[in-house]
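Peer 1: Got a predicted structure plus its sequence, pasted below:
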2 protein chains.
Amino acid sequence: MITLDERTRKILHAVVENYINFPDPVGSRTVAKGYPFGLSPATIRNIMADLEEMGFLLQPHTSAGRVPTDMGYRFYVESIVTESSFLHKEPFRELYKRLETLKDNIDILFSETTRTISKLSHYLGIAMSPKPDVTTLNKIELLKYKADKIAAILFTDEGLIKNKIISIGAEVTQKDLNRIAGYLNSEFSGHTFDEIRQKVIKEMSKEKIMCDRLISKALKICQEAFYFLYGDLFISGLSEVLELPDFTDLNKIKELSRAIEDKHTIITLLDKLSECNGVQIIIGSENSMDEMKKLSVVVSTYKEGDRPIGVVGIIGPTRMNYSKAIYIVDNTAKFITKMLAER
Amino acid sequence: MITLDERTRKILHAVVENYINFPDPVGSRTVAKGYPFGLSPATIRNIMADLEEMGFLLQPHTSAGRVPTDMGYRFYVESIVTESSFLHKEPFRELYKRLETLKDNIDILFSETTRTISKLSHYLGIAMSPKPDVTTLNKIELLKYKADKIAAILFTDEGLIKNKIISIGAEVTQKDLNRIAGYLNSEFSGHTFDEIRQKVIKEMSKEKIMCDRLISKALKICQEAFYFLYGDLFISGLSEVLELPDFTDLNKIKELSRAIEDKHTIITLLDKLSECNGVQIIIGSENSMDEMKKLSVVVSTYKEGDRPIGVVGIIGPTRMNYSKAIYIVDNTAKFITKMLAER
DNA sequence: TTTTAGCACTCTCAGTGTTCAAGTGCTAAT
DNA sequence: ATTAGCACTTGAACACTGAGAGTGCTAAAA
């Protein structure tokens, strides 16, 4: 990391903050007037030229002011994190209160959380419910549904309930189902979904086990039940974002809407982020996916105990109020963590 | 309904169809050339002027061609329905095939259905899963979840499974829960969710019943379980729609995105439509909601037996290929009906 | 009586030139 | 090392223009 002398750093800050607040390229005059450096525009011009040379700023065209590059934002973000200069008020307790009433229904909880985030931030709110690789089975119940169909109800430690209809060739009695469920519970409860999938495959390869009709049936059911379960992605706030001056260009809007609809891509992105602790920020071109290269992502993980199990966050333009975004995301993640613990 | 003589009608058709295919106001020359009426532009001009006077067409400005009004579209739509002139091929069997694999998971089925619709039509695909007032309870199961919490699993005749966590004050045994579930099943199965809600309220007012501890508890659980259940709304295809020339204006896009995010409003709209049979079309200003006054909606109901239980459809610009939209929506609704029956 | 050719008229759109303000980099003075 | 001054560059805003498309009206033709 390049280090900058105090004065240069402060001017970079000034440019970034000004640009975050007013979406026009910022010129030397603006900085000189708006920030009490006691420096003339000319001096500031020189420094800004240096910053441009180093890659922190960029001129859209010769006679325009300067705009931060992704690298400029990155530098800015690093310093506000270490300075932890974001001393926001908490005007949104009451919004959280509403969410508290939803804690028994995880899906609605998450979808409302994204709405809350987007209301607060004016960017896109995103959330991902716990994924299979961290979701631990608490209990599985099997209920007879139709002649040759059963319903598997999966309860997880994280409070998720998933259900799945499974077609089985022959008829089974509820009594058999209970025995099967008992076996599955004794075998698999406490393990993550991913582990269970692997275990099932391993077990099924053992011949002597497969001879036991009931156990073999149990494993088959189990395999079906855990197939095709994944973390759900919630996104909202498009109309908020369209009010921003950053999205007046039709092409940018198209790009954004494609990014939103391509949930799979975003899930992949969040997957990577869901393993780390605390707030994480990805700025523009740091994103590996093309559609996201002009967007920034601020996320944090919510946890069960010490283990991060999912992600909430914000997607917005690179010209984002990072400090506010960090604050909102951080608080929301902590709030979700608390809610899941209280449940 | 005003009747038009054959020739006038045909010219209106020509204008509408031309405009649907090419998003520019259509002039008399275009009609004369493109459609074999054996009439000169001048004559057609006169007729178009008549059509404008009657309110079927509209000139954006003096020297432009003409564009259909909502009334013009309405007339057009009525006649293609009676003529049933939409003889499309069926190039999308294979798309439906994919959906067939999903029939055991209603939520994914519907969300994929909307994606399919939007892919086929290039408009927004919408779908609403069965609503409480038509959803009939097949079976309720109660499972102990935590010390003071239980999970209610509701199976419906339509193939929906809903689950809900319910906090109860005291502890209950699974045995008690089974007895309660038995009681609830004997009492309520076969009834719609709405009926059950009403019945519960009625029962609870009877004093002697409330004296029975178990029954009273059962009713309370039941009330909780059926509270806050509604038809889910699925929408997709925004990025498809943004490719249309109808949505190049930022304000229109904003309006559209607001309409999409305001799911509640759309649910209200679909609610009304879900009671009728067959394809229904609402054109622009015929919509009662402001955000939708520049959009058209084409929907059809899917059924269980003869009873319509939900809606699938298309939202697009008023300049919509209605014939294609009708075809897609009609087929998709029938397809869903079939899938639900086979389940 | 109905249809059509002809024509003047209207309006939008794309392209052009001009001006204006903002902001720069450089140089010379402080 | 800083700053004032100045020439220079550029995009945005605006008015202007001509071309093109389409109209309505009138008078002639069918």
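Peer 2: Perfect, I can see it now.
Peer 1: send the alpha carbons of stretch A:145-160 over as PDB?
Peer 2: Only the C-alpha atoms of stretch A:145-160 are listed here, as PDB (Å, rounded to 0.1, in the frame of the first residue of the first chain):
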ATOM      1  CA  TYR A 145     -48.600 -37.100   2.100                       C
ATOM      2  CA  LYS A 146     -50.200 -39.100  -0.700                       C
ATOM      3  CA  ALA A 147     -50.100 -42.800  -1.500                       C
ATOM      4  CA  ASP A 148     -46.600 -42.700  -2.900                       C
ATOM      5  CA  LYS A 149     -45.500 -39.400  -1.700                       C
ATOM      6  CA  ILE A 150     -44.100 -38.200   1.500                       C
ATOM      7  CA  ALA A 151     -43.200 -34.800   2.900                       C
ATOM      8  CA  ALA A 152     -39.900 -34.300   4.500                       C
ATOM      9  CA  ILE A 153     -39.700 -31.400   7.000                       C
ATOM     10  CA  LEU A 154     -36.300 -30.300   7.900                       C
ATOM     11  CA  PHE A 155     -35.700 -28.200  11.000                       C
ATOM     12  CA  THR A 156     -32.300 -26.500  11.300                       C
ATOM     13  CA  ASP A 157     -30.500 -25.200  14.300                       C
ATOM     14  CA  GLU A 158     -30.600 -21.800  12.700                       C
ATOM     15  CA  GLY A 159     -34.300 -21.700  12.700                       C
ATOM     16  CA  LEU A 160     -35.000 -22.500   9.100                       C
END
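Peer 1: Okay, buried residues for that stretch please.
Peer 2: Under the neighbour-count criterion of 16 or more other Cβ atoms under 10 Å in any protein chain shown, stretch A:145-160 has A:145, A:150-160 buried. In short, each C-beta sits where N, CA and C put it, glycine included.
Peer 1: Narrow those to those in helices?
Peer 2: In helices, judged by DSSP state H, none of the buried residues of stretch A:145-160 are found.
Peer 1: Where does chain A get nearest to DNA strand D, residue-wise?
Peer 2: Residue of chain A nearest DNA strand D, by Cβ to the nearest atom of the strand: A:Ser63 (2.9 Å).
Peer 1: JSON lines for the buried residues of stretch A:145-160, including pLDDT and distance to DNA strand D?
Peer 2: As requested, the buried residues of stretch A:145-160 are exported to JSON lines (pLDDT from 0 to 100; distance: Cβ to the nearest atom of the strand, whole Å):
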{"residue": "A:Tyr145", "pLDDT": "82", "distance to DNA strand D": "61"}
{"residue": "A:Ile150", "pLDDT": "87", "distance to DNA strand D": "63"}
{"residue": "A:Ala151", "pLDDT": "89", "distance to DNA strand D": "60"}
{"residue": "A:Ala152", "pLDDT": "90", "distance to DNA strand D": "59"}
{"residue": "A:Ile153", "pLDDT": "90", "distance to DNA strand D": "58"}
{"residue": "A:Leu154", "pLDDT": "90", "distance to DNA strand D": "55"}
{"residue": "A:Phe155", "pLDDT": "89", "distance to DNA strand D": "57"}
{"residue": "A:Thr156", "pLDDT": "87", "distance to DNA strand D": "53"}
{"residue": "A:Asp157", "pLDDT": "85", "distance to DNA strand D": "55"}
{"residue": "A:Glu158", "pLDDT": "81", "distance to DNA strand D": "50"}
{"residue": "A:Gly159", "pLDDT": "78", "distance to DNA strand D": "51"}
{"residue": "A:Leu160", "pLDDT": "81", "distance to DNA strand D": "49"}
